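[1] A predicted structure for the sequence below; I have some questions about it.
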Amino acid sequence: MRNRRKRTVGAAIAFMAFWSTAGGLPADAAEESRPAIHELKLVYLFEGPEPEFVFVIGNSGFKSVASLKAFIASLPPDTTLRWSPGCVRIGGEPLLSSEIDMEEFKAFCLDHRIDFVLVPSG
C-alpha cells in the first residue's frame, strides 16, 4: 500500500512539473501555438547578361512578387516575415527599388495578418 502511494505521489509530482514547464500545454501543442517566423532573402542570379532576382523563404524560391504574395497568402495569420535586405543595391531589385511597391507589399501583408518586419541596414 505504501509503495503504491509513493508511486502515485511521484507520478503526480512529475506530471505537475511537466505541466508547469510546458505552460499548461504538452510540448508539441505549445510549439504549434507559437506563430511561425520566416526569414525572407533576395538572391541575385548572375547567369545571363542581366541579373535575375529570386525571393527565398526557407527552401522555397519565387521569381516574382506575385508568386511571393501567393505563398504569403497561404501562411497562417500572425506569422512573422522578417527581411534584412542590407544596404548594397545593384539596381532593379523588386520591392526595394520602388517605395510605392514596398508600401503596397506592406499593405498586402497587413491585409493577410502577416507581421512584415523590414530591418533597415545602416
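    Happy to help now that I have it.
[2] where does this structure dip in pLDDT?
    1-33, 122 (pLDDT under 70).
[3] For it, just list every one of the helices.
    Assigned by DSSP state H, the chain shows helices spanning 2-21, 27-33, 65-73, 99-111.
[4] Identify, by residue count, the longest strand of the chain.
    For the chain, the strand that runs over the most residues, judged by DSSP state E, is strand 37-45.
[5] Relative to that strand, what are the paired strands and their orientations?
    If you go by DSSP bridges, strand 37-45 pairs up with strand 52-57 (antiparallel), strand 80-83 (parallel).
[6] Kindly calculate the angle that the first one makes with helix 65-73.
    Think strand 52-57. Computed by axes from the mean of the first three to the mean of the last three Cα atoms, to 10 degrees, the angle separating strand 52-57 from helix 65-73 equals 0 degrees.
[7] Can you report how many residues neighbour the nearest residue to L75 once chain neighbours are set aside?
    In this structure, L75 finds its nearest non-sequential neighbour in I114, 6.1 Å apart by Cβ to Cβ, 6 or more residues apart in numbering. (Glycine included, C-beta is placed from N, CA and C.) I114 sits with 21 neighbouring residues when counted by other Cβ atoms under 10 Å.
[8] Centre of the chain to stretch 77-92, how far?
    12 Å (Cα atoms, centre = their mean, to the nearest Å).
[9] likewise stretch 35-54?
    Distance, centroid of stretch 35-54 to centroid of chain: 16 Å (Cα atoms, centre = their mean).
[10] Between the two ends of it, what distance do you get?
    25 Å (Cα to Cα, to the nearest Å).
[11] go on, stretch 38-58?
    Span of stretch 38-58 from end to end, Cα to Cα: 7 Å.
[12] pretty sure I37 is touching P76, no?
    No - I37 lies out of contact with P76 (Cβ atoms under 8 Å); the separation is 11.9 Å.
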